[in-house]
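# Starting from these lines, generate the structure:
(one chain, ligands or ions: 2)
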Amino acid sequence: MLRLLEQSPEGFRDWLTDRGLPGYRAAQVRKWLFQKRAAAFDEMTDLPLELRKQLAAEFAIWTTYIVERRRAGDGTEKLLLELHDAERIECVLLRDDKQHCTVCLSSQVGCAMGCAFCATGLDGVRRNLSSGEILEQMLHLQRLLAEDERLSHVVVMGMGEPLLNLDAVLPALAMAADRDGLGIGARRITISTVGIPAGIHRLAEENCQYHLAVSLHAATDALRNELVPANRGFGVAAVLEAADEYFALTKRRVTFEYVLLAGVNDQADHARQLIALLRGRPALVNVIPYNPVPGLPYRTPTPTATAKFVEILTQSGLNVNIRFRKGDRIRAACGQLRRLKRH
Ligand code: SAH
Ligand code: SF4
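Ligands and ions are numbered 1, 2, ... in the order given. Take a look at the predicted model:
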């Protein structure tokens, strides 16, 4: 059986025309899946019955299924999906009071980067996700929405390092942005990375206008090497240089994420080092109070410590947001539900 979501728009069109079928049916099928939230070919009622049967015989739409669905009081919903080879991944739907609905997607099963504080990194990487598996996360999450809700944003901030799987991530995001796909503008799509310079260069050259978020967490190599072991391979200076290039080529301001860990990177000195590093750059800093992971030694700073850290940054003129992670009670932080639900 072929996998429908692994086909490129051109590939699926060719499959149809090779059989003497009209190529425009490809866009019709896409609209059913991505806009009308259909789950099966027989729901696609403006396709001839014969074609629906033929497609159902040749193509599988779904290769993953929902093992568990959790919903938090704030509207956050998290899905644990099982893939065709019994691997498991997580994806999350976030709702906010501005009527935004954001999907948070995984790009790999696990992660090889081994950041010291992260649940996903604890067991290493199992494999890359395919573009179809990334698209399926969007479709599953979209089907959780009420009829009057629409997806407005996509963030690749779930499990895995997206810049190590760009060959699958880019086609999936192109479909999210496509008018016949989800129709979400590129500027509402964010890729979050541990900061791999070669990957950032490639993304800059593609100039697809996605928003880039770099997970910095420390301004010096000494501390960053400890928290983000992948940093030992390139260093903070190369990460910043790549981010500068991203801005120069795309004119999109880069966000720097900074997970605040009590007593580790939340002191006044750390704030001053960050200011020195980012001075003169058109940057936005996202401060994220740590979401504790069972078994790891890191702690969330108190609200007072967080406010103090943020105030030092703000007073220097940096643009700063504090991002409180949603859905803590359902273990919405990346990689946590998967660890809990091992088989
Ligand atoms: N690998 C990519 C994308 C996935 S992680 C990256 O590292 O950017 C997405 C974000 O969640 C990163 O900024 C990461 O540092 C952060 N994160 C991971 N574990 C966390 C935790 N327990 N609490 C708060 N943020 C966490
Ligand atoms: Fe991987 Fe990102 Fe977790 Fe680091 S924070 S281990 S890069 S998923």
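
# Please enumerate the helices of the stretch 151-300 of the chain.
Assigned by DSSP state H, counting those that start in this stretch, the helices in the stretch 151-300 of the chain fall at 166-177, 197-206, 221-227, 236-250, 268-278.

# So which of the ones you listed is the most surrounded?
helix 166-177 (a mean of 21; mean count of other Cβ atoms under 10 Å). C-beta: built from backbone N, CA, C; applies to glycine.

# any idea of the angle it forms with helix 197-206?
40 degrees (axes from the mean of the first three to the mean of the last three Cα atoms, to 10 degrees).

# Just the residues contacting helix 166-177, thanks.
Helix 166-177 is touched from outside by 8-9, 30, 34, 105, 107, 128-135, 138, 154, 156, 162, 181-186, 189, 191, 199, 202-203, 206, 208, 210, with contacts defined as Cβ atoms under 8 Å, 6 or more residues apart in numbering.

# ok, of these, which come out buried?
9, 30, 34, 105, 107, 128-135, 138, 154, 156, 162, 181-182, 184, 186, 189, 191, 199, 203, 208, 210 (16 or more other Cβ atoms under 10 Å).

# Among the residues you listed, which ones are in strands?
If you go by DSSP state E, these have Asn128, Val154, Val156, Ile189, Ile191 in strands.

# does the second one have beta-bridge partners, and which?
Put plainly, it is Val154. Per DSSP bridges, the residues bridged to Val154 are Val103, Ile189.

# same deal with the first one?
With DSSP bridges applied, the residues forming beta bridges to Asn128 are Gln108.

# Test my guess that it contacts Asn165.
Yes: taking contacts as Cβ atoms under 8 Å, Asn128 lies within contact range of Asn165: 4.3 Å.

# what do these two both touch?
Counting by Cβ under 8 Å, 6+ apart, the residues touching both Asn128 and Asn165 are Ser107, Gln108.

# circling back to that earlier point, greatest separation within the ones in strands among the buried ones among the contacts of helix 166-177: which pair is it?
Asn128 and Ile189 (19.2 Å; Cβ to Cβ).

# out of everything not next to it in sequence, what's closest to Lys308?
Nearest residue to Lys308, sequence neighbours excluded (Cβ to Cβ, 6 or more residues apart in numbering): Ala268, at 7.5 Å.

# right, and the one you found touches Val310 too?
No: applying Cβ under 8 Å as the test, Ala268 and Val310 come out as separate, 11.7 Å apart.

# and the ones in strands among the buried ones among the contacts of helix 166-177 as CSV, adding distance to ligand 2?
CSV is the format used below for these (distance: Cβ to the nearest ligand atom, whole Å):
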residue, distance to ligand 2
Asn128, 13
Val154, 17
Val156, 10
Ile189, 18
Ile191, 12
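
# Fine by me, thanks again.
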